[in-house]
Structure formats: C-alpha cells, structure tokens
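S.K.: Build the 3D model from these lines:
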Amino acid sequence: MTKLGKPLPVKVKNIRRTLTSYLKEKKIYVVDAEHEVTGRGFLLKIWENIASVSLSTAIITEELE
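M.R.: I've put the predicted structure just below:
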C-alpha cells in the first residue's frame, strides 16, 4: 500500500511477490491492503486490515516517502 496515487517501486513489488509466494506455499492466506477496495477513508482501511489479522508485515523503504 502506498500513498494515494503513487505507483509501487520495483523493490517493493519484488519483496511483496517473494513474500506472497512463500506464504502461499505455507498455506497462509494473504491479505494485501492495496487490493482491498472500500469507500472508507484510507487510514481506516489500513487500521482495519492490521486489526483483523494475527500476523502482519509492513514493507517500508525510502521510496515510500
């Protein structure tokens, strides 16, 4: 998930693709906030996704300022 309107940096796409592939191999369901479409506020969407799972991972790089 990035700030509204910005495309994901290639580094983040690669990390996310690798992580998603690994988790699916382990039969762990992946919820990607970027693909969740809601009409609610952006910060609320982030919070609801964090609060609804027992394990979460955030990918933070200098390109996501």
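S.K.: Show the average pLDDT along stretch 57-65.
M.R.: Average pLDDT, stretch 57-65: 74.
S.K.: pull the CA atoms of that stretch into CSV?
M.R.: Taking C-alpha atoms only, stretch 57-65 is exported to CSV below (Å, rounded to 0.1, in the frame of the first residue of the first chain):
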residue,chain,number,x,y,z
THR,A,57,4.1,-7.5,7.7
ALA,A,58,4.9,-3.9,6.6
ILE,A,59,7.3,-3.2,3.7
ILE,A,60,8.9,0.2,4.3
THR,A,61,11.6,1.6,2.0
GLU,A,62,13.0,5.1,1.4
GLU,A,63,11.0,5.2,-1.9
LEU,A,64,7.7,5.2,0.0
GLU,A,65,8.0,8.7,1.5
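S.K.: Using PDB, write out every CA atom in the helix or strand containing Trp47.
M.R.: Using DSSP states H and E, the element containing Trp47 is helix 42-51. In PDB, the C-alpha atoms belonging to helix 42-51 read as follows (Å, rounded to 0.1, in the frame of the first residue of the first chain):
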ATOM      1  CA  PHE A  42      -7.500   5.300   3.700                       C
ATOM      2  CA  LEU A  43      -6.200   5.300   7.300                       C
ATOM      3  CA  LEU A  44      -9.300   3.500   8.500                       C
ATOM      4  CA  LYS A  45      -8.700   0.800   5.800                       C
ATOM      5  CA  ILE A  46      -5.100   0.400   7.000                       C
ATOM      6  CA  TRP A  47      -6.200   0.100  10.600                       C
ATOM      7  CA  GLU A  48      -9.000  -2.400   9.900                       C
ATOM      8  CA  ASN A  49      -6.600  -4.700   8.000                       C
ATOM      9  CA  ILE A  50      -4.000  -4.500  10.700                       C
ATOM     10  CA  ALA A  51      -6.500  -5.200  13.500                       C
END
